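> Need the 3D shape of this:
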Amino acid sequence: MGLVVACAAALVVVGPGLFAQQGTAALDENRSEALDTLDNYSGVWRSESRTTPAGRGFHFVYRLEWFDPARTTAEMLITQHFDDGQAVVLWKGFKGWDPGKEETYYHGFSPGGRAATGRVIVDGRTLVTEYRGWGSQGAVEIRDVFHPVENGSFLAVTLMLRDGEWVEVLRDVWRRDAAAVGFDSIAPGLAESALWVADDFGEPGHFLLTGADDWTETAVIWFDVQLLSGARPYAEVAAELAGLPRSEARRRVVATLRALSEESWAKASPALNALRGAGRVGVCEPMWIVNGAVCALDRRADPNLFADVPGVARVFRGMPDRAFPQPDARGPLWVEAVDSPPFDASAARPPWNLRALGVPELWAEGLTGHGVGIVVHDGGFQLDMPVIRPSIWRNPDEVPGNGVDDDRNGFVDDVHGFQFDAGTPAVNRPAVVRDELIHGNAVAAIAAGGATLDSGVQVGIAPEARWAPVMAVRNFHQAVQWALTEDMDVYGMSFSYPGLGETRSHFRKMLEHGALAGLFFVSGAGNFGDPSSPAYAEVPIQMRTPEDIPLAVFGVAGVDSTMTRPTFSSGGPVEWNTQDYHDGTVAKPDLTTVNADVVVPDLEGRQATEQFRGNSFAAPHLVGVIALLLEADPDVSPWELRQILIDTARDLPPTGVDDRTGAGLVDAPAALARLRARR
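Model (predicted):
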């Protein structure tokens, strides 16, 4: 990847010659030649030294290393090293052979919020990486061209497509330097701050960016009084709420959380405002799902910055931050309501994955998810796709497009949902798209979609539930608060955050409080279980956050059509040994649904010709089942239904509860019978 962000050269239009003649039609995509050429650029390389406009000397280090002897995947890393000793990671990526497309793929991302995906092509000894990148300014088309020169060095030229012409934006010469400082010694753990949606499309991986600009980060403050604490854990408070209708439990829990927040914020806000007035922090906003505040501040800020703020008990730094590249919009911001005929269970054609869970038996009982609200927290959507459009949630108190917060919930034009990080209702910019599929659409379709337009296969489990599209990373707390304010019931999460360290505690408390208020949180187990994959992670970090949260979050694994667990499916157990949580080893996953050979609609609403895989698809299967069960009993609590689902699950090999399939395959009819018997 050329270092466009470090470019100081004048822009020059490329004329005739090597770099203007890289027509893709003439490029040889032969696997052996492609990998041999790519191998020529493996190892560690150092750029020429240069100076910043402020006179600070620096150079770049480029590293490309194969994960395996077969050369299926290589990791690429670019770092910047200053003469005064500071070193930072600029770019991380992966290159390798994609057997499905018979070409060499490329995926990359930066800690600063840029993303790229494309392919590597070969012309003799020249290596060209063509890709589309996304950053704060939108999408750009880029080519990086590597060409060998004298003394074992290579020339790297970065070109950008501007007004129909390829323009050179950076040129550098790289020389081998085995002694150059590498990633591990300068910034351990930085790359693991990425939000990684891997293997869901059978590809090497998709990377959705985290990380704000170079020096800004989000800090989370906890105040000293919380609904839950070490002395008063989740299970104890859940027991106190036992016997209350879920709606009443929500009212009491939310009222308590809001009251705690108002009291603590009144004490702390003068000191936080003073810090802002002195230029030591940016905007600080209260949150109530955990009694605390969220502040923007300089990454270099004093660790004791909040020491004198009244009531501050904990400060979490290094939170996951800005995410979701902003590609072009797909479809409208809002869709008109669709008058659909009532769901006819007798005419429905369920695919194998719904039959495997016993969903048609619940349809036959008249259960369709009617009256249940589902949050689909994902990476973007196309809202007018016919299979999911009829069941999209509509805010009855919001007027589309008038620029006014009509319902006074703090979010303007949240007609269907919201993109909380960007502060906009524009959830129609999907970041993860493959030829036939938008990730968020597929997840929504499984949970609450209708039938495909061509085959008539009923892909959705709860077709008369209503689903709301949500996007958030930095402002995840706002999304959960919004879900409770808008009286949502089930919250689906097909993503994971790795490497959070102590900040896992914040996510856990946030979702524990939400679950006590009656939200059912469901998360796919992750796709990091295949030792041959670059995405592989060792147990106990194979399941990440939020799926690693005990009791309050359903961590869901999956099986394929043969009832076999695919190797990619993450397993447990997980470990909880943070300052705030001392559970030690925790059994995970909780349950199993389906994560491979899944039938989903394509971009037009037809049945996709491919069958997709990934635990992103395991989660919405359980989301849909819970929606059906909530229609049968709206007052059942998350902890009560969790136990029912575990007790009634069908065992999968190996025998008994295990760390790959949990309690077993969800059995919707058995769960319904047990749910009715509890009355």
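
> What count of nearby residues applies to the closest residue to G96 other than its chain neighbours?
Nearest residue to G96 in three dimensions, chain neighbours excluded: T73, at 3.7 Å (C-beta to C-beta, 6 or more residues apart in numbering). In short, each C-beta sits where N, CA and C put it, glycine included. The tally of other residues near T73 (other C-beta atoms under 10 Å) stands at 22.

> ok, now how distant is T73 from G292?
Distance of T73 to G292, computed by C-beta to C-beta, to the nearest Å: 40 Å.

> What of H107?
35 Å.

> the more surrounded of the two?
Per other C-beta under 10 Å, whichever of H107 and G292 has more neighbours is G292, with 29 against 22.

> How about the contacts made by that one?
For G292, the contact set (C-beta atoms under 8 Å, 6 or more residues apart in numbering) comprises 220-223, 261, 264, 286.

> Is the residue most central in space within the chain in a helix, a strand, or coil?
Nearest residue to the geometric centre of the chain (C-alpha atoms, centre = their mean): F495, 3.6 Å. The three-state assignment at F495 reads coil, by DSSP: H, G, I helix; E, B strand; the rest coil.

> 242 is where my numbering starts, stick with that
Yes, from this point I'll number from 242; that puts the last item at F736.

> separation between it and V369?
32 Å.

> give me the low-pLDDT residue ranges for the stretch 292-441 of the chain?
Scanning the stretch 292-441 of the chain for pLDDT under 70 picks out the ranges 293-295, 308-311, 313, 339-343, 350-356, 364-365, 374-380, 419-441.

> quick one, helices of it?
Listed in chain order, the stretch 292-441 of the chain contains no helices at all (DSSP state H, counting those that start in this stretch).

> And the strands in it, which stretches?
For the stretch 292-441 of the chain, applying DSSP state E, counting those that start in this stretch gives strands covering 298-307, 314-323, 328-339, 344-350, 356-364, 367-376, 379-389, 395-403, 406-417, 436-438.

> Which residues belonging to the first one are considered buried?
Think strand 298-307. By neighbour count with 16 or more other C-beta atoms under 10 Å, strand 298-307 contains the buried residues 299-305, 307.

> Present these as JSON lines; the columns should include distance to I633.
Formatted as JSON lines, the buried residues of strand 298-307 follow (distance: C-beta to C-beta, whole Å):
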{"residue": "F299", "distance to I633": "50"}
{"residue": "H300", "distance to I633": "52"}
{"residue": "F301", "distance to I633": "47"}
{"residue": "V302", "distance to I633": "48"}
{"residue": "Y303", "distance to I633": "46"}
{"residue": "R304", "distance to I633": "45"}
{"residue": "L305", "distance to I633": "44"}
{"residue": "W307", "distance to I633": "45"}
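
> picking up where we left off before, from T808, how far off is the residue nearest to G337?
16 Å.

> What is the least confident helix or strand in this protein?
strand 253-254 (a mean of 27; mean pLDDT, DSSP states H and E).

> tell me what the following helix or strand past that one is packed against?
Using DSSP states H and E, the next helix or strand after strand 253-254 towards the C-terminus is helix 272-281. Packing partners of helix 272-281 (3 or more C-beta pairs under 8 Å, 6 or more residues apart in numbering; DSSP states H and E): strand 328-339, strand 344-350, strand 356-364, strand 367-376.

> Kindly reformat those strands as JSON lines containing distance to L678.
Below are those laid out as JSON lines (distance: least, C-beta to C-beta, whole Å):
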{"stretch": "strand 328-339", "distance to L678": "16"}
{"stretch": "strand 344-350", "distance to L678": "17"}
{"stretch": "strand 356-364", "distance to L678": "15"}
{"stretch": "strand 367-376", "distance to L678": "18"}
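
> Nearest to R287, out of the ones you listed?
strand 328-339 (12.5 Å; C-beta to C-beta).

> partner strands of the closest one, parallel or antiparallel?
strand 314-323 (antiparallel), strand 344-350 (antiparallel) (DSSP bridges).

> For the stretch 642-791 of the chain, give me the ranges with low pLDDT.
672-677.

> in the protein, which helix has the most residues?
Counting residues, the longest helix found in the chain (DSSP state H) is helix 487-518.

> what helices or strands is it leaning on?
Applying 3+ C-beta pairs under 8 Å, 6+ apart, we find helix 487-518 packed against strand 457-464, helix 475-482, strand 525-528, strand 533-539, helix 745-757.

> need the strands for the stretch 592-741 of the chain, in chain order.
Going by DSSP E, counting those that start in this stretch, the stretch 592-741 of the chain shows strands at 614-618, 659-660, 674-675, 678-679, 707-712, 731-734.

> so which of these is the most packed in?
strand 731-734 (a mean of 29; mean count of other C-beta atoms under 10 Å).

> What is the burial count for the nearest residue to D418 once chain neighbours are set aside?
Distances taken as C-beta to C-beta, 6+ apart place R287 nearest to D418, at 3.9 Å, with adjacent residues excluded. A count of nearby residues for R287, using other C-beta under 10 Å, gives 21.

> Then F557?
For F557, using other C-beta under 10 Å, the count is 20.

> ok, of the buried residues of strand 298-307, which one's closest to Q623?
So of the buried residues of strand 298-307, ranked by how close each gets to Q623 (C-beta to C-beta), first place is L305, at 35.7 Å.

> contacting residues for the closest one?
279, 282-284, 315-318, 336.

> Considering these, which possesses the most neighbours?
Neighbour-wise, those (other C-beta under 10 Å) top out at K336, 27 neighbours.

> and that one, bridged to which residues?
A315, Y347.

> How many neighbouring residues does H754 have?
Neighbour tally, H754, other C-beta under 10 Å: 28.

> hmm, back to that, thought the residue nearest to G337 was touching G334?
No. Assessed by C-beta atoms under 8 Å, T314 is found out of contact with G334, at 10.7 Å.

> Let me see the contact set for E705.
583-584, 609-611, 632.

> what pLDDT does the nearest residue to it once chain neighbours are set aside get?
Spatial nearest neighbour of E705, excluding adjacent residues (C-beta to C-beta, 6+ apart): T609 at 3.8 Å. pLDDT for T609: 98.

> Got phi/psi on T609?
phi -130, psi 0 (degrees, to the nearest 10).

> residues contacting it?
Taking C-beta under 8 Å, 6+ apart as the test, what T609 contacts is 584, 586, 703-706, 869, 872.

> Keep only those of those residues that are in helices.
Per DSSP H, those map to helices at 869, 872.

> Most neighbours among the contacts of T609, which one is it?
That'd be A703 among these, by other C-beta under 10 Å, with 33 neighbours.

> residues in contact with that one?
Taking C-beta under 8 Å, 6+ apart, we find A703 in contact with 609-610, 613, 615, 688-689, 864-866, 868-869, 872.

> re the thing from before, with distance to R487 added, can I get the contacts of E705 in TSV?
What follows is the contacts of E705, written out as TSV (distance: C-beta to C-beta, whole Å):
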residue	distance to R487
P583	26
F584	24
T609	20
G610	16
H611	17
S632	22
